[in-house]
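[1] Could you work out the structure for the sequence below:
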Amino acid sequence: MTTNIKKESKEEVLDKKFIENSLKTLGRRFGVNEAFRDVVTCIAYSFANAVDKTEDRENEYLRIINKYEENERNLFPQILVALVNEYEKAEEPIDILGDIYEELGLTKKGSAQFFTPIQLCNVMAKLTINKEESKKKIDEKGYINISDPACGSGRNLYAAYSELLDSGIDSNKILIEGDDIDLTCCCMTYIGLSLMGANAIVNHQDTLTMKRYDTFYTVAYAINKDLQEIIAKENKIEEGIEV
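    Down below sits the predicted model:
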């Protein structure tokens, strides 16, 4: 699976507005909801297959991308560039995909799906994360982990990760874990954590029954063999991600 990222042109600014307009363009034939799901799935699968390639992800990626005409397919890598641009200029935790998801009215209100405002997530992170306690945990077991069993678009995880970094905690000693039954939510969270450079594991699973459908590892985690070794010893298992 390869993705050719087109360079930003002088005439076109690849930013959040570009993503929104591109999704509306892609949604003309399939609907904006399906277009959003297709875009985040393809981006997430591209990232994940660079770490641990699976045939199921590859086949699904090809099925999705081949639905679109060439000019539409060209928007996918441009959307990724726009996402990277937004994260590079951000000075505090952001959730571009979650914001767009809500602004386009794509949340599943019938399933009581809603995302906690990022400002509230930031406040909760500041209230619950203690610098000294965090360092104590790292001294005890070699790392600190933050988890969310219903991560949604990942806002609580982004805020907690950023607060730990602001507290002077080494990113290589932080493990972020997110779970959600909604694949689109898993993909949004995984993309966000990947672009933040976090050591993270995102599980597409039913947290109540623990039925797991897929697991996504960020590149940062995949190359962090020291952290993997600590976790493997802690759980008394032999595991590692081959890159």
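[2] How much space separates Asn21 from Asn122?
    28 Å (CB to CB, to the nearest Å). In short, each C-beta sits where N, CA and C put it, glycine included.
[3] how about the helices in this protein?
    For the chain, the helices defined by DSSP state H cover 16-30, 32-49, 55-65, 70-73, 75-89, 96-103, 118-128, 131-141, 155-166, 183-195, 219-222, 225-234.
[4] closest to Arg212 out of the ones you listed?
    Each of the helices of the chain has some distance to Arg212 by CB to CB; the shortest is helix 183-195, at 11.0 Å.
[5] before we move on, the earlier item: okay, the helices of the chain, which one's buried deepest?
    Compared across these, helix 183-195 shows the largest average neighbour count, a mean of 26 (mean count of other CB atoms under 10 Å).
[6] what does it rub up against?
    Here helix 183-195 makes contact (CB atoms under 8 Å, 6 or more residues apart in numbering) with 36-37, 40-41, 43-44, 47-48, 83-84, 87, 95-98, 101, 151-154, 157-158, 161, 176, 178-180, 200, 202-204, 213-214, 216, 218-220.
[7] middle-most residue in the protein, spatially?
    Tyr190 (2.0 Å; CA atoms, centre = their mean).
[8] residues contacting the spatially closest residue to Lys126 that is not a sequence neighbour?
    Among residues not flanking Lys126 along the chain, Glu163 sits closest, at 6.0 Å (CB to CB, 6 or more residues apart in numbering). Listed by CB under 8 Å, 6+ apart, the contact set of Glu163 reads 122, 125-126, 129.
[9] mean confidence for stretch 224-234?
    When the per-residue pLDDT values of stretch 224-234 are averaged, the result is 94.
[10] same check, this time on stretch 134-142
    95.
[11] Dump it to PDB, restricted to CA.
    Output in PDB follows, covering the C-alpha atoms of stretch 134-142 (Å, rounded to 0.1, in the frame of the first residue of the first chain):
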ATOM      1  CA  SER A 134       3.700  10.400  37.200                       C
ATOM      2  CA  LYS A 135       7.400  10.300  37.700                       C
ATOM      3  CA  LYS A 136       6.900   7.900  40.700                       C
ATOM      4  CA  LYS A 137       5.000   5.500  38.400                       C
ATOM      5  CA  ILE A 138       7.800   5.600  35.900                       C
ATOM      6  CA  ASP A 139      10.300   4.900  38.600                       C
ATOM      7  CA  GLU A 140       8.200   1.900  39.700                       C
ATOM      8  CA  LYS A 141       7.500   0.200  36.400                       C
ATOM      9  CA  GLY A 142       9.500   2.000  33.800                       C
END
